[in-house]
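>>> return a 3D structure for these sequence lines:
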Amino acid sequence: MKSNLPPLTEASSLGLDLVRALAAQLVVVGHGLVFFGIADIPWLQNSAVLVFFLLSGFIITYSTLRKKDSRIYEFKDYFVERFARIYVGLVPALLFILFVDTAVLRAIPEVYTYSDAFDTKTFLGNLLMLQDHPVLSSMANRLDAPILDVTSFGSGRPLWTVGVEWWLYLLFGWLVLPSRSKKSKIAILPSFMILAIIPAYNLMDGRGHGLTLVWMLGVAIVFLNARLANTVPKRYSALAALTFMAFAVGKLYLTRVAYDPHLALLLAGAMLFALLYLQATATVPRYVPTRSIRFGALFSYSLYLVHYSILVALSHWNP
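Numbers count the residues shown, from 1 in each chain. Now for the predicted structure:
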């Protein structure tokens, strides 16, 4: 059954890239303020994580269903694409963190506070996307076996979110895409349980207090955007987007709590109506720095992965 999703306009595509680029910068700024002793406002970078998960849920769902509509697109095709997209940034980032942390550890070991997470076990655990795995953590506590407990590698503190997204990707693809190899009744349940552990754990709990739910809001935006396209006047879409965003900013400012389902709903509303507005926009004005926005979006993932390690080194560098 085809989803019949409308194609994204150039304005919509550019708008999504702009949000992604700005969210990455927001994370860097938030952590930078902390490292250089200017301000400790974790809700700033945490709100950007919500935006990343909203975008991820939308983009993965939209692109997957469009490919499924246009050609034979199976889980193995999806897996290869997701694997390449994630690991082409993750592997260099892990090697970069290894290099930077080793340099800091040798030059100024007294300031390095990530020694417990800077080992081969954690490196391999991050490669396998096992960081903060609830089952392994529980087994480590029960069996008093710390080797089973995996956290983010070294100073790469943001790596935990990549693990959550990876398992969301796999579960989503497994559920919605066909496979030539017929799943036997015996294999279906174990496969589902393995893939669903982290998404289920993060549905209403986990680090981020419900990032799976936020990702699912991104999925919902795909279908609401298709359903409401060309039904809401452009000026009302703009007004609604600005209103939702104003309430989101106000709530964040008053509560100083980013990982909040109500805030996620407000951000999702802003994103939905902004997309409806952009879908009704025929062309992108010439004065918009299209190339800069695309460039910022292209490197947002790599920047997100390595910026924390760079800030660790810079904040303790004393020439």
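>>> so, low pLDDT: which residues of this protein?
For the chain, residues meeting the criterion pLDDT under 70 lie at 1, 179-187, 318-319.
>>> count the neighbours of residue 236 for me.
Neighbours of residue 236 under the rule other Cβ atoms under 10 Å: 12. No exception for glycine: its C-beta is placed from N, CA and C like everyone else's.
>>> next one: residue 84
10.
>>> what packs against the host helix or strand of residue 301?
Using DSSP states H and E, residue 301 sits within helix 300-315. Here helix 300-315 touches helix 10-35, helix 75-107, going by 3 or more Cβ pairs under 8 Å, 6 or more residues apart in numbering; DSSP states H and E.
>>> do you know which of these lies nearest residue 45?
helix 10-35 (3.2 Å; Cβ to Cβ).
>>> quick one: list the elements packing against the closest one.
Checking 3+ Cβ pairs under 8 Å, 6+ apart, helix 10-35 ends up next to helix 42-70, helix 261-279, helix 290-298, helix 300-315.
>>> and the angle from the first one to helix 75-107?
Relative orientation of helix 42-70 versus helix 75-107 (axes from the mean of the first three to the mean of the last three Cα atoms, to 10 degrees): 150 degrees.
>>> what residues sit buried inside helix 42-70?
43-58, 60-62, 64-66, 68 (16 or more other Cβ atoms under 10 Å).
>>> same check on the third one?
Neighbour counts over helix 290-298 (16+ other Cβ under 10 Å) mark 293, 296-297 as buried.
>>> cool, and stretch 107-127?
Judged by neighbour count using 16+ other Cβ under 10 Å, the buried positions of stretch 107-127 are 112, 114, 117-118, 122-123, 125-126.
>>> nearest residue to residue 274 in space, please, no chain neighbours.
Once flanking residues are discounted, residue 274 sits nearest to residue 241: 4.2 Å by Cβ to Cβ, 6 or more residues apart in numbering.
>>> what do you get for residue 51?
Leaving out its chain neighbours, the residue that sits closest to residue 51 by Cβ to Cβ, 6+ apart is residue 23, at 4.4 Å.
>>> save the helices and strands packed on helix 300-315 as CSV, and put in distance to residue 164 too.
Shown next, in CSV, are the helices and strands packed on helix 300-315 (distance: least, Cβ to Cβ, whole Å):
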stretch, distance to residue 164
helix 10-35, 15
helix 75-107, 12
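>>> tell me the most buried of these?
Comparing the helices and strands packed on helix 300-315 by mean neighbour count (mean count of other Cβ atoms under 10 Å), helix 10-35 comes out on top with a mean of 19.
>>> what's the spacing between that one and its chain's center?
Distance of helix 10-35 from the chain centroid (Cα atoms, centre = their mean, to the nearest Å) equals 12 Å.
>>> ok, now stretch 111-131?
Taking Cα atoms, centre = their mean, one finds stretch 111-131 lying 20 Å from the centre of the chain it belongs to.
>>> start and end of that stretch, how far apart?
Taking Cα to Cα, to the nearest Å, stretch 111-131 runs 24 Å from one end to the other.
>>> also stretch 285-292?
14 Å.
>>> what's the nearest residue to residue 200 if we skip its chain neighbours?
residue 212 (7.4 Å).
>>> in what element of secondary structure is that neighbour found?
helix 211-228.
>>> just residue 249 next, same as before
In the assignment (DSSP H and E), residue 249 maps to helix 234-255.
>>> now for that helix, which elements pack on it?
Applying 3+ Cβ pairs under 8 Å, 6+ apart, one finds that helix 234-255 contacts helix 42-70, helix 261-279.
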